[in-house]
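Visitor: sequence unknown, structure follows:
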C-alpha cells in the first residue's frame, strides 16, 4: 500500500484524537464541523498526491469525491460512518477501483467506518429515482474535491429529473418511513433508554425536516429553515439548542462506547451525566437532572417536527379528513382550515387575556387541536398568565372544565404542558417538569406521569376499555365529585420536585397552598390534600400487610373514614400505578388491590367499626385503660394487650369492663387454670353477670352453656369475643340459681363441672340428654313462630354470620353452639339476646382454617345441623 | 445442590428476604404468582356484583443452594413466613443436577 497515504491517515487519526480531547474538555463547540473538515483535508491531500488519480484523466472523464449523509451535512460524530460517493461523469473506468483502494483503505486501517459508492452520473439518477433510500443521502451531497462542475451537474439533474417531479411522493415516503421508525423505536422523549437518532424526538426528526425543506423549498442549509419562513426565529433557536444538546450527548456516548451507537443504555447514563458535569442539586442525582434535560430537549425536537409536518400539511393523510365544520362559541377564537383552533389574532388576546385559557377549554370541548399559530401565540403571550390571572375565578373555572372534560384520546392538558402554559397557570409544576427518577420503575418524568394519571382516570369514565378495571369504571361513573379526584391526580406527585422528603407530605403542603390560591372551597381542599397525602396508602397496605386479617381493613377504613374518599383513593391508586409503567401495574397487583379495596369498602359501608365516632371511642378507652396502669412495666404490658384486642370488643365493651378483663387475663396467666371467672350481682339482684376468661378452643361457648343448663342456670344473653392472642372472653348474663341461700355452693359446683367439661372429663352431651328429657314438655300450648336460621356471607369479608331466630327453651344455647362446634366452625363473636321468650342468636364464625363458609353445600348443611337441634314446633 | 421453592404470602417477602440475608443467602429469584390450595378463593360483593378472587396472589421464591445448607434455608423461610394462619404457603425442595454461571462458565457450587 501507499506509505504516503498511510502517513496521512495516521495524521488524520492524531488530529482527530486531539480534536476529541478538546471537545471533551468543552473547548470545541463546533466539533462536528471541525471533524468533517479533518476528513475533507484527508481526501484533498490524498487526492492531490494520488498515484492512480492522474492515470484516470480527469479532463476526459471528469470525476469528483463527494460527501453524503451526515458527513455531507458536516455533522460528523466521533464514530459516525463516513459516507462517500465517487462520482464519475461517464462510464466508470476500471481504474476507479484502484483509486478507491488507494484512498479509502488507509481509512479502514485506522478503524474508520467508511462506506462508498462509485457511480456515474447516469447511475446516480437512475438509482435515486427508483430507490428513495439512495436518494436521501444524496440530498445532503457536499463537494469535497475533484471536478466541481460534475457535482453541480448532479445537483441540478437530481432536482430537475427527480425532486421537482416527485416531490410529493418523496415527502410522503419520508413521512411514512418516519412514522414506522417512531413506532419501532418509540417516543424517546419518554423512554428510559432513548434512541438519540431513530426515536421520536431523535436526530432523524431534524434530518427529515431538513430533507423536506430541501425537496419542497430547495433549502441549502439548516438555517434556511428560518430564512424560508418555515420556522420562526425563536423556534429555530430552540431547534438548534435541542440538536446541539443531543449531538453533544451522542458524541460523548460514542466516545464512552468506543463505537457508533445511538441507544442511550442505562449503564452509560450515569457516566454521561458525570462527563457533562451535572451536579447534585436539591436532592436530585446528576443522572436524573441529565436525563430530565435530555428528555426536555428531545420533546422540544419532537414537537417542532410534529408542528413542521402539520403546518406543511404533511401529516399522515388519513388524519386530514375534513372535520365537520365545528364552530367556536367564544369571541376571539375561530376554527381554521383542517379543523384547528386559532385566535382571531394577537389583538384578541391583548383585549381579553382570558382567551389563553379559553382556547384550551374550547379545544377540549370541541375535541380539536390548537393550530401551530395558536400555540405560538400562547407562548408569546404567556406573560399575561401572571398570578392575578392564575387566581381569577373564571380562569380557574375554565381550567376545571378542562380537567373534567372527557378525553379518551385527545388530551388538551398535554398541549398545555408542551406550550409551557400549564406551568404558567400552576407555577408549582415547574419543579417537576422533566423530573426524572432514575430507576426502571418510573418510566416517565414526573410531569408527564401526572398528566398520564389524569388521562387514565378519565379513561375510567370513557367507553369500555377491557384493559382497565371494570370495577373502576363502575365507581368512576357514580362518583359525585370527579373534579376533586382529578385535581388530586394532577397534583399527587407535585411534592417530588422538592428534595428527598416524603413527597406525599410535601405534596399535601403544596396542594394546600395551590388550591387555596385557586379559591376552592375549604372542604374540597381538605379532600384533595387527603388524597395527595395518602395516595400510597392503599397500595402499600395491600402489598405489605395481611389483607386477610380484618384488622388491616379496619385500620385502613378508620384512617380514610369516608366511603367517597376511599373510592377516590382507589381510583387514584389504580390510575397512578397504570400511569407509572408496566413494572408498577399488572394483573397480580390489580387483584391484590381490588380485594383489599372491597374489604375496606365493606367495613366502611357496615359503618359500625370505622366511623369517626368509633375511632374516637376506641382511642378514649385505650387511654383510660393505660391510665390505670400503676407503673411503666405494667403500662407496657397493657399496651401490648390492647393491641391484640379485637376491634369489636374495644368498641362495644365499656372501659371499666375492659379494665376488669385485663385483670382477669393476668389472673389466668398466673393461675394456670383452665379458666377464670368472675360473678357479679347486678344492681337489681335478679341477674348475675358471669365473665369467663379462657384460652379459646373449639366448642368453648357450647361447653359453658351446657354446664349452665346442667346446673339449671338460665342464660339470658351472651357476648363472646376472641382476642387475637387466642384468649376468649365470654360474658353471660344469667338468672341466679333458684335457691339464694346456697348460691355460692351452686356456683362452686358449676365451676367444678366446667373444669371437668373443659378437660373432657365430663361428657356433657350425655349428661344433658338425661337432664333435658325431664324439661322437654314443660312449656307447651303456646303459638310458636317457626324457627329461622340465616347464613349471611355478604355482610362481612372476614366472617360468616349466622343468625338463629327461635324461642327460648332450656339448653337452647348449648344446642345451637354445639351444632356449630360439630360442623367444625369456630365462634369468633356471639351475641345472644332474649326478649320475652323470643331469642335472637348471632354468631360470627369461620371454619377451622379461619375461612368463611360460603359453598352452597356448606351453607345448607349448617342450616340443617342447627334446625335439627331446635325442638319441633 | 438443591432447589428450594417457597410459596409465601406477599407481605412476608421482606421478612423472608431479611431472614435469609442474615444466614448469608444473597441471591434468589422472586416472582408474583397466583393460585390456591387449602386457602380457597373467595368472593367479595360490591353493589350487588360479585368479584371473585379465584386465585389468591402469592409470592414464589426460588433459591438454589448446596445440599448441606438446604435444611437451614427451609427452616429459615418457614420461621419467617409463618403467621399461623391459613395460606402461609408451602416449601418444596428438589435436587438440582447442574448449575452454570453464564458469564464465567463456572459450574456446580461455584456457580451459585
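Guide: In hand now; what should we look at? Because the structure is a prediction, the values reported are computed rather than measured.
Visitor: Just to confirm, what's the three-state secondary structure of residue A:721?
Guide: Following DSSP: H, G, I helix; E, B strand; the rest coil, we place residue A:721 in the strand state.
Visitor: Next, the contact list for the closest residue to it other than its chain neighbours, please.
Guide: Computed as C-beta to C-beta, 6 or more residues apart in numbering or on different chains, the closest residue to residue A:721 that is not its neighbour in sequence is residue A:649, at 4.1 Å. Any C-beta I mention is one placed from the backbone N, CA and C, and that applies to glycine too. Taking C-beta atoms under 8 Å, 6 or more residues apart in numbering or on different chains, we find residue A:649 in contact with A:721, A:723, A:729.
Visitor: can you do 10 Å?
Guide: A:618, A:621, A:657-658, A:661, A:719-724, A:729, A:829 (C-beta atoms under 10 Å, 6 or more residues apart in numbering or on different chains).
Visitor: In TSV: those residues, plus neighbour count, pLDDT and distance to residue B:46.
Guide: Shown next, in TSV, are those (neighbours: other C-beta atoms under 10 Å in any protein chain shown; pLDDT from 0 to 100; distance: C-beta to C-beta, whole Å):
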residue	neighbour count	pLDDT	distance to residue B:46
A:618	19	87	26
A:621	22	89	32
A:657	17	87	36
A:658	22	90	34
A:661	23	90	36
A:719	20	87	30
A:720	24	88	30
A:721	22	89	28
A:722	22	88	27
A:723	19	87	30
A:724	13	83	27
A:729	23	91	33
A:829	19	86	23
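Visitor: right, and out of these, which lies closest to chain B?
Guide: residue A:724 (10.7 Å; C-beta to the nearest C-beta).
Visitor: Mind telling me what element that closest one is part of?
Guide: Assigned by DSSP states H and E, residue A:724 belongs to no helix or strand.
Visitor: Quick check: phi and psi at it.
Guide: phi -80, psi -10 (degrees, to the nearest 10).
Visitor: Can you tell me the closest non-neighbouring residue to it?
Guide: Excluding the flanking residues, the one nearest residue A:724 by C-beta to C-beta, 6+ apart is residue A:644, at 4.1 Å.
Visitor: Surely that neighbour touches residue A:729?
Guide: No: contact between residue A:644 and residue A:729 fails when scored by C-beta atoms under 10 Å: they sit 11.8 Å apart.
Visitor: what do those two both touch?
Guide: residue A:723.
Visitor: Relative to residue A:334, how far out is the closest residue to residue A:443 other than its chain neighbours?
Guide: Computed as C-beta to C-beta, 6+ apart, the closest residue to residue A:443 that is not its neighbour in sequence is residue A:581, at 3.4 Å. Distance of residue A:581 to residue A:334, given as C-beta to C-beta, to the nearest Å: 40 Å.
Visitor: Contact partners for residue 88?
Guide: Picked chain A for this. A:56, A:58, A:61-64, A:96, A:99, A:118-124, A:146-147, A:150.
Visitor: hmm, I had chain B in mind actually
Guide: Contacts of residue B:88 (C-beta under 10 Å, 6+ apart): B:7-9, B:12, B:39, B:78, B:81-82.
Visitor: For the residues you listed, which two are the farthest from each other?
Guide: B:39 and B:78 (16.8 Å; C-beta to C-beta).
Visitor: To what extent is residue A:278 buried, counted in neighbours?
Guide: For residue A:278, the count of nearby residues is 20 (other C-beta atoms under 10 Å in any protein chain shown).
Visitor: tell me the SS of it?
Guide: coil.
Visitor: isn't it right next to residue A:436, touching?
Guide: No: with contact defined as C-beta under 10 Å, residue A:278 and residue A:436 do not form a contacting pair (11.4 Å).
Visitor: mind listing the strands for the chain?
Guide: No chain in the question, so chain A it is. A:63-67, A:82-88, A:114-120, A:142-146, A:333-336, A:340-343, A:675-681, A:688-695, A:715-722, A:727-734, A:788-792, A:800-807, A:825-835, A:838-847 (DSSP state E).
Visitor: look at chain B instead
Guide: Counting by DSSP E, one finds strands in chain B at the ranges B:2-8, B:29-35, B:42-46, B:49-53, B:56-65, B:90-95.
Visitor: for those, which one sits closest to residue A:588?
Guide: Once the strands of chain B are compared by C-beta to C-beta, strand B:29-35 is nearest, at 4.1 Å.
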